[in-house]
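J.: Provided below are the primary sequence and the corresponding predicted coordinates.
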Amino acid sequence: MSVASDLTRPDGTPLRVLVVDDEPNIAELLQMALRYEGFEVRTAGTGRKAVAAAREFAPDAMILDWMLPDYDGLEVLAKVRALSPDVPVIFLTARDAVEDRIAGLTAGGDDYVTKPFSLEEVVARLRALLRRAGGRRQDPSSTLVVGDLELDEDSRDVTRGGTPIELTATEFELLRYLMRNERRVVSKAQILDRVWDYDFGGNDNIVELYISYLRKKVDAGREPMIHTKRGAGYILKAAPAAP
């Protein structure tokens, strides 16, 4: 028996999660916990099997062990993202140094859980990540517009001046939060709470990192819209019109 998940695929079927860990006990525990929460789950114990499973299973999210017998997690991530560029990934590892967290996130991971962990924590982070990635929402579709920047919450398309901008799930949610708070300063703590749904180990460097990602994509070669208010946070506002 499982608990019905409030996140589904567009056709109403359960979201699919690929669990990759070379420790059978951990993989089995995660599989049982996620199935109980209503997800469809498949496991893999090596990088090669993970890539093959990603190709066949087409997961909506992946929980990926950093250290595997053949590939490391970063190699698996690169190969899976070549097949499915937008699949959200949570790294699962015993490495808890800030440098390792930033390395995993910089490589394209969306979250990071260190061993030992609680199953409840993994499930909570996965659900938050899938919501950011566009699981079924109760809100009506709408488009946010700030100056020449547009974000479609339904299609998840983002454009500036009519030019498409490709964002990861976390970048999209961060931009949406900034746009919903147009011309209002939001602190790092507020961003952590509203975008990541939890305090990222007390480390607000992740906010600075993702703000820098957004600036490169939204502001590159244009009048900046994302501004830093020293000691206070960040603010997004329309760029001044060209004279």
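T.: Thanks, I have the structure now. Numbers count the residues shown, from 1 in each chain.
J.: pLDDT below threshold where in this structure?
T.: 1-7, 95-108, 134-141, 197-203, 241-243 (pLDDT under 70).
J.: now the strands for it?
T.: 16-20, 40-44, 61-65, 89-93, 111-114, 143-146, 149-152, 158-160, 163-164, 226-229, 233-236 (DSSP state E).
J.: just say which of those is most tucked in.
T.: strand 61-65 (a mean of 27; mean count of other Cβ atoms under 10 Å). Just so you know, the C-beta spots here come from the backbone N, C-alpha and C atoms, and that holds for glycine as well.
J.: can you list contacts of it?
T.: By Cβ atoms under 8 Å, 6 or more residues apart in numbering, the residues outside strand 61-65 that reach it are 15-23, 26, 30, 50, 54, 73, 76-77, 80, 87-93, 109, 113, 122, 126, 129-130, 133.
J.: let's go with 6 Å and repeat that
T.: 17-21, 73, 87-92, 130 (Cβ atoms under 6 Å, 6 or more residues apart in numbering).
J.: what pairs with that strand, and is each one parallel or antiparallel?
T.: strand 16-20 (parallel), strand 89-93 (parallel) (DSSP bridges).
J.: redo those strands as JSON lines? Include distance to residue 58.
T.: Putting the strands paired with strand 61-65 into JSON lines (distance: least, Cβ to Cβ, whole Å) gives the following:
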{"stretch": "strand 16-20", "distance to residue 58": "7"}
{"stretch": "strand 89-93", "distance to residue 58": "14"}
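J.: and the ones you listed: which comes nearest residue 169?
T.: Closest to residue 169 of the strands paired with strand 61-65, according to Cβ to Cβ: strand 89-93, at 9.7 Å.
J.: how far does the closest one sit from the chain's center?
T.: Centroid separation for strand 89-93 versus its chain: 11 Å, with Cα atoms, centre = their mean, to the nearest Å.
J.: could you number the chain from 43 rather than 1 from now on?
T.: Got it, first residue is 43 now, which makes that one strand 131-135.
J.: on that earlier part again, need the contacts of strand 103-107 in CSV (columns: distance to residue 102).
T.: Listed next are the contacts of strand 103-107 as CSV, based on distance: Cβ to Cβ, whole Å:
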residue, distance to residue 102
59, 7
60, 9
61, 13
62, 14
63, 18
115, 19
129, 7
130, 8
131, 11
132, 12
133, 17
134, 17
172, 7
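J.: quick one: which of those is nearest residue 271?
T.: Looking across those and measuring by Cβ to Cβ, the closest to residue 271 is residue 130, at 29.8 Å.
J.: am I right that the closest one is in contact with residue 152?
T.: Yes: using Cβ atoms under 6 Å as the test, residue 130 is close enough to residue 152 to be in contact (4.7 Å).
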